[in-house]
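Chemist: Quick one, what's the 3D model for this:
(2 chains)
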Amino acid sequence: MKRANKKGIEMTFNWIFAILAGGFILFLAIYGASKLIRTGEQTVYTETAATLTSLFDPLETGLASGKASEISFKKKSKVYFTCQELYEPFGRHTISFTEQTFGDTYGEKGQEISVKDKYIFSENVIEGKTFYYFTKPYFMSYKVADLLMMYSDEQVFCLYNAPEDVQDTLEGLNLKNIYFPNSTTSCQGTRVCFAGGRNCDITVANDYVLKQGKKLYYTDDLLYAAVFSSPEMYECNIQRIKKRFDSLGSIYLEKIKILERENCQPTLGSELSIAIGTNIQSSKDLLILFEQIDNFDSINQRAKDGCKLYYNT
Amino acid sequence: MDVNFITIHKMKKTKKGDLKIQVLKNPAGFLGLSSSKLADLKIQAPTNLRFLGASIFNKKGDLKIQEMAFMLLGVFLFFILVGLFVLSIAYSNIRDEATRIAEERTLSAVTSISDSPELSCVASKSNCIDGDKLVGMLNKTSYQQFWPFSSLKVIKYSGFGKKGKELITCTFANYPDCDVLVVYDKKVSNERTIGSFIAFCRKEFENGYTYDKCEVGRILAGTELKNAG
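Modeler: The predicted model follows:
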């Protein structure tokens, strides 16, 4: 028998140990680095979402009839909104943020930031480089909240046959991507029809807005909320606004006792209590609630000037 | 005996302490033909030699393995320590950033809170707090979760210049003869307060008329600092 290669494959223990240990360390290093990068990305996204909430504060209307502003990002970004009406005490929004990393792909969205004192009306996810938002005060006889409508530069709204006051309001706020085309001009975007019509994405009727096959009932400036918001977000915020209305109502009931000390005799307490006690299941119930609101509001309007419970101007 | 002799003889030739694996090409070894030594798959572990009383050959090898193991352990621990150091810096930055954002939020909110429906006078007065409404909020705990502050207080003009213990806290019973209205206080251990001057208005009956009596006041909103040790 002839001897072949006697030496064979030789591998010392040092080599085996070094390969195994080196491989393990290398794996840990790559895994750790990727985790670190991902965590860093998540941190930045979460911080951005938190900063967004601070940017909403200056848009509290105060005595103003509306305010508008915009936020621009360097990269195309996505903002995710959720609305939870059952969260105590008055429900909440969560906001999370992500932006494009490589090509068209988005990074994993950051942690959700909770916002309890804002009422944001937008689609559930908005995408773009610039985000436009405006606020309008909302009165249910007394001021209850500021409605915050938000959309992006990738959304275009074509409002057909919009009433003059709507057009004045939106043009007065100098909002971008909102157009009022007539029969001769063309407009590519979400078609919002105020006087009916064909191929409308959103139809505005007297007391409701028809959007995605759902009727969103509105009063006053809730019209803008219904147009710019997803139906789920709208209905959720209506519930949240009602909770705030109830809480404010109970504060005003306490104020009645203070006014009685100062030679005033407000008589709207019982009517206000009825409105507070009214449950609403959906925006449709707003119409019933507003009948009750009108009842106590008329009592307040008749009160002596110094003894009015609230002022809605 | 013959086999053992060959093994020891071969170990002297190779590096001491090494594990040597020899795979020979002749497959006869797998058929159990022990007479053909070339066909054997030999795994020679020099540690076995200790049992044969030959530990003198592998002392250097043991030392080398130990050296390598310690070196690897050292490198591993070094990287772990570096990682922990980096993480601790990053984590402290996150806490600083969280506090900065919270303070920023408090600052932006405190300037606009006087216009919130719960506090505002509304009647054509900006930056005005309705004291009569504020009294109705004193027993409400729900607002602790609503606003992003750790505490919220309003000091009336009568409380200006008074020290903490001298201030008379307002209740429904003693209002308006008091100094400070505590809307809520979460009593956090580490807090920074931001103040803003406001108009504090309430109804007053005087000379047969009820009118809005306004005076200067100060709203104080606290932020919990998360980064202080």
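Chemist: Can you name the residue of chain B nearest chain A?
Modeler: Residue of chain B nearest chain A, by C-beta to the nearest C-beta: B:Gly136 (2.9 Å). C-beta here means a position set from N, CA and C on the backbone, and glycine is covered the same way.
Chemist: Now do the contacts for that residue.
Modeler: A:250-255, A:258 (C-beta atoms under 8 Å, 6 or more residues apart in numbering or on different chains).
Chemist: Please name the nearest non-neighbouring residue to it.
Modeler: A:Glu254 (2.9 Å; C-beta to C-beta, 6 or more residues apart in numbering or on different chains).
Chemist: wait, isn't the one you found in contact with B:Val135?
Modeler: Yes. A:Glu254 is in contact with B:Val135 according to C-beta atoms under 8 Å; the separation is 6.7 Å.
Chemist: Could I get the phi/psi values of B:Ser120?
Modeler: phi -70, psi 150 (degrees, to the nearest 10).
Chemist: any idea how far it lies from A:Pro58?
Modeler: 16 Å (C-beta to C-beta, to the nearest Å).
Chemist: Between these two, tell me which one has more neighbours.
Modeler: The neighbour comparison of B:Ser120 against A:Pro58 (other C-beta atoms under 10 Å in any protein chain shown) goes to B:Ser120, with 26 against 13.
Chemist: So A:Leu210, which state does it fall into?
Modeler: strand (DSSP: H, G, I helix; E, B strand; the rest coil).
Chemist: longest strand anywhere in chain A?
Modeler: strand A:67-84 (DSSP state E).
Chemist: quick check: mean pLDDT across that strand?
Modeler: For strand A:67-84, mean pLDDT rounds to 94.
Chemist: The helix or strand just after that strand packs against which elements?
Modeler: Of the helices and strands lying after strand A:67-84 in sequence (DSSP states H and E), the nearest is strand A:92-99. On a contact count with 3 or more C-beta pairs under 8 Å, 6 or more residues apart in numbering or on different chains; DSSP states H and E, strand A:92-99 meets helix A:13-56, strand A:67-84, strand A:113-115.
Chemist: between the host helix or strand of B:Gln66 and helix A:13-56, how big is the angle?
Modeler: Element membership for B:Gln66, per DSSP H and E: helix B:59-113. Orientation check (axes from the mean of the first three to the mean of the last three C-alpha atoms, to 10 degrees): helix B:59-113 against helix A:13-56 gives 0 degrees.
Chemist: near chain A at all, helix B:59-113?
Modeler: Yes. Applying C-beta under 8 Å from any C-beta of the partner chain, one finds that helix B:59-113 is in contact with chain A at B:64-65, B:68-69, B:72, B:75-76, B:79, B:83, B:86, B:90, B:94, B:97-98, B:101, B:104-105, B:108-109, B:111-112.
Chemist: Report the contact partners of the residue nearest the centre of chain B.
Modeler: Central residue of chain B (C-alpha atoms, centre = their mean): B:Tyr91, 5.7 Å from the mean position. For B:Tyr91, the contact set (C-beta under 8 Å, 6+ apart) is empty.
Chemist: Just the pLDDT for it.
Modeler: 76.
Chemist: For chain B, which segments are assigned as strands?
Modeler: Going by DSSP E, chain B shows strands at B:20-22, B:42-44, B:128-130, B:151-155, B:180-185, B:191-206, B:209-224.
Chemist: what does the fourth one rub up against?
Modeler: The set of residues external to strand B:151-155 that reach it, using C-beta under 8 Å, 6+ apart, is B:113, B:129, B:131, B:134, B:143, B:167, B:179-188, B:191, B:193, B:198, B:200, B:217-222.
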